[in-house]
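# attaching a predicted model along with its sequence, questions to come.
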Amino acid sequence: DTGVSQNPRHKITKRGQNVTFRCDPISEHNRLYWYRQTLGQGPEFLTYFQNEAQLEKSRLLSDRFSAERPKGSFSTLEIQRTEQGDSAMYLCASSLGQGSEKLFFGSGTQLSVL
Amino acid sequence: KQEVTQIPAALSVPEGENLVLNCSFTDSAIYNLQWFRQDPGKGLTSLLLIQSSQREQTSGRLNASLDKSSGRSTLYIAASQPGDSATYLCAVRRGDSSASKIIFGSGTRLSIRP
């Protein structure tokens, strides 16, 4: 499968716990995006990487959220001290860049904070 | 600040009908506009991408148009089928060179009745 892969598909956690999600983009894509989506809404931008450099972060990304993309390959999104308001679908997307900005999305990680 | 609106939020039509989904945006300085399809609990699948210099794109039964001056895009679906039932989202990418944010509308939930 050469698509964008996200793990886990579902995560249930208790409030206050830390969680980490992983995204494996399409191999030749140098741009990687994280989005958050709640029911009935479109995805909201969280952060963006060009290769290993995190170029932009949304104000939605509080200090409890951190994202990395070591070596410009896979990326991780960590949420510390989860809150019930963090419950959402976390989507990863990648694009080739170089003038082609078509986004390819993964299936997402559905987070439920109890 | 770019805002993207999709009206109606939900649409139900009988099978076989041609239909139009609407997307409007407030800032005409866009780089491109992309239409996506999302099935329940899944990630987004790119349908069509229109560059700012283009007026329309076609793929099979789908045709997307772009009118930057009026801040509008439409997605035309010909001869609708039950398998077309999904949420359709449009996303606008800003036009400045530092832009990495892509703003999504909330989507139109389409139901095709057999």
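Perfect, thanks for sending it.

# which secondary element of chain A has the worst mean pLDDT?
Least confident helix or strand of chain A, by mean pLDDT, DSSP states H and E, is strand A:53-57 with a mean of 89.

# which elements pack onto it?
In terms of contacts (3 or more CB pairs under 8 Å, 6 or more residues apart in numbering or on different chains; DSSP states H and E), strand A:53-57 is packed against strand A:44-50, strand A:65-68. Any C-beta I mention is one placed from the backbone N, CA and C, and that applies to glycine too.

# tell me the angle of that strand relative to strand A:44-50?
Using axes from the mean of the first three to the mean of the last three CA atoms, to 10 degrees, the inter-axis angle of strand A:53-57 relative to strand A:44-50 is 160 degrees.

# strand A:53-57 - which strands sit beside it in the sheet, and in what orientation?
strand A:44-50 (antiparallel) (DSSP bridges).

# that older thread, and the least confident helix or strand of chain A, what's buried?
By 16 or more other CB atoms under 10 Å in any protein chain shown, the buried positions in strand A:53-57 come out as residue A:56.

# now stretch B:34-44
By 16+ other CB under 10 Å, the buried positions in stretch B:34-44 come out as B:34-38, B:42-44.

# and if you look at stretch B:5-15?
The neighbour-count check on stretch B:5-15 (16+ other CB under 10 Å) flags residue B:6 as buried.

# ends of that stretch, how far apart?
Distance between the two ends of stretch B:5-15: 26 Å, counting by CA to CA, to the nearest Å.

# contacts for it next, please.
B:19, B:21-25, B:80-82, B:88-90, B:105-114 (CB atoms under 8 Å, 6 or more residues apart in numbering or on different chains).

# which of those count as buried?
B:19, B:21, B:23-25, B:80, B:88-90, B:105-110, B:112.

# tell me which two in those residues are the farthest apart.
Using CB to CB, the two most remote members of the buried ones among the contacts of stretch B:5-15 are B:25 and B:112, lying 26.3 Å apart.

# circling back to that earlier point, and the helices and strands packed on strand A:53-57: which comes nearest residue B:30?
Of these, nearest to residue B:30 by CB to CB is strand A:44-50, at 15.1 Å.

# starting at the chain centroid, how far to the closest one?
8 Å (CA atoms, centre = their mean, to the nearest Å).

# now stretch A:80-94
Relative to its chain's centre, stretch A:80-94 lies at 8 Å (CA atoms, centre = their mean).

# same deal with stretch A:101-112?
The answer for stretch A:101-112 is 7 Å, by CA atoms, centre = their mean.

# quick one: mean pLDDT over it.
Stretch A:101-112 shows a mean pLDDT of 92.

# strands along chain A, start to end?
A:5-7, A:10-13, A:19-24, A:31-37, A:44-50, A:53-57, A:65-68, A:75-79, A:88-95, A:104-105, A:109-113 (DSSP state E).

# could those go into TSV alongside distance to residue B:95?
Shown next, in TSV, are the strands of chain A (distance: least, CB to CB, whole Å):
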stretch	distance to residue B:95
strand A:5-7	29
strand A:10-13	36
strand A:19-24	27
strand A:31-37	17
strand A:44-50	16
strand A:53-57	16
strand A:65-68	25
strand A:75-79	26
strand A:88-95	16
strand A:104-105	22
strand A:109-113	31
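
# export stretch A:36-56 as CSV, just CAs?
Extracted in CSV, the C-alpha atoms of stretch A:36-56 (Å, rounded to 0.1, in the frame of the first residue of the first chain):
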residue,chain,number,x,y,z
ARG,A,36,-8.0,17.8,13.6
GLN,A,37,-11.6,17.2,12.8
THR,A,38,-14.7,17.1,15.0
LEU,A,39,-18.1,15.8,14.1
GLY,A,40,-19.9,17.9,11.4
GLN,A,41,-16.9,20.1,10.8
GLY,A,42,-14.2,20.3,8.3
PRO,A,43,-10.6,19.5,9.2
GLU,A,44,-8.7,22.3,11.1
PHE,A,45,-5.0,22.8,10.4
LEU,A,46,-2.7,22.0,13.3
THR,A,47,0.9,21.9,11.9
TYR,A,48,2.9,21.5,8.7
PHE,A,49,6.4,20.0,7.9
GLN,A,50,8.5,20.4,4.9
ASN,A,51,10.9,17.5,5.2
GLU,A,52,12.0,17.5,8.8
ALA,A,53,11.4,21.2,9.4
GLN,A,54,8.2,22.2,11.2
LEU,A,55,7.4,25.4,9.3
GLU,A,56,4.1,26.4,10.8
